[in-house]
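**Q** Show me the folded form of this:
(one chain, ligands or ions: 1)
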Amino acid sequence: MTDADAVHHSVGVVLVAAGSGSRLGAGRPKAFVELAGKTLLQRALEGALAAGASALVVVVPEDLLAEACSVVGRACGAGPVTTAVVPGGAERSDSVRAGLAALAPECDIVLVHDAARCLTPVGVFERVISAVAAGASGAVPGIPVVDTIKTVDARGVITGTPDRGALRAVQTPQGFAADLLRAAYASDLQATDDAALVELFGHDVVVVEGDPLALKITTTDDLERARALVAEGDR
Ligand code: C5P
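**A** Residues are numbered from 1 along each chain as shown. Now for the predicted structure:
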């Protein structure tokens, strides 16, 4: 984000951290699991703050509201960032909706970010913000797909092989013009991610360059990989 963009836009981040993390099997929600001395939530918060967010809403499981408030308090201190911590819902989309409802109304750009992608470099945030600040309705980070992808039917029989050159694995933060994302969430449309919802709502979403470090930590293998990346880069 250039200084000019920063002056003219107010960026809010909805950080969704209300998943159960059952696939990680750590005995507590994923965002509260430690990765080299810091929880995923702490790391994700630091990324959002480094990207220049002026408002931050953290969405967590209801029983961890108090713990999350103290983590957010420590990360944001007495700084200028407006913060809120709210309980999430059953599905990720319910958590995003709860976060949007608590986001400061003056934010004109909103980023929705998975706490599970806690190693996302600040450059990824900046590319997403810049694309929306430059006029895109939505922008999401994506990386080329290295595997050949097949579509299959219910029997597992291959029905197609999409051109790999046209495929991207998308990550978060996903950024949008705030009014547009609010309107899309207020509609009856249902989608698997925020970009798909905005696409269904009839707006183009662009893909900007993502980063392998923005991996989503889902399984214990992912956590081990993230630990190795942190050790490698001393993050
Ligand atoms: O479950 P999954 O890994 O797809 O979750 C992606 C992100 O969405 C995680 O950061 C998780 O905490 C969050 N999430 C949420 N509320 C849910 C489900 C997932 O905030 N009900």
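
**Q** pLDDT below threshold where in this protein?
**A** 1-7, 234-235 (pLDDT under 70).

**Q** any idea which helix is longest in it?
**A** Identified as the longest helix of the chain according to DSSP state H is helix 220-233.

**Q** Who are the contact partners of residue 24?
**A** By Cβ atoms under 8 Å, 6 or more residues apart in numbering, the contact set of residue 24 is 30, 33, 217, 218, 219, 220, 223. Heads up, the C-betas are built off the backbone N, CA and C, glycines and all.

**Q** Mind putting those into a markdown table with distance to residue 208?
**A** What follows is the contacts of residue 24, written out as a markdown table (distance: Cβ to Cβ, whole Å):
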| residue | distance to residue 208 |
| --- | --- |
| 30 | 26 |
| 33 | 29 |
| 217 | 22 |
| 218 | 23 |
| 219 | 27 |
| 220 | 30 |
| 223 | 27 |
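
**Q** Tell me the one of those residues nearest residue 165?
**A** residue 218 (26.6 Å; Cβ to Cβ).

**Q** For the closest one, give me phi and psi.
**A** Main-chain torsions, residue 218, degrees, to the nearest 10: phi -120, psi -50.

**Q** quick one: it and the ligand, what's the gap?
**A** According to Cβ to the nearest ligand atom, to the nearest Å, residue 218 stands 5 Å off from the ligand.

**Q** wait, that residue sits on residue 114?
**A** No - using Cβ atoms under 8 Å, residue 218 is not in contact with residue 114; the gap is 10.0 Å.

**Q** Pick out whichever of those two has more residues nearby.
**A** residue 114 (24 against 14; other Cβ atoms under 10 Å).

**Q** Mind listing what's buried along the longest helix of the chain?
**A** With burial defined by 16 or more other Cβ atoms under 10 Å, the residues of helix 220-233 counted as buried are 222, 223, 226, 229, 230.

**Q** Once you drop chain neighbours, what's closest to the second one?
**A** The reference is to residue 223. residue 217 (5.5 Å; Cβ to Cβ, 6 or more residues apart in numbering).
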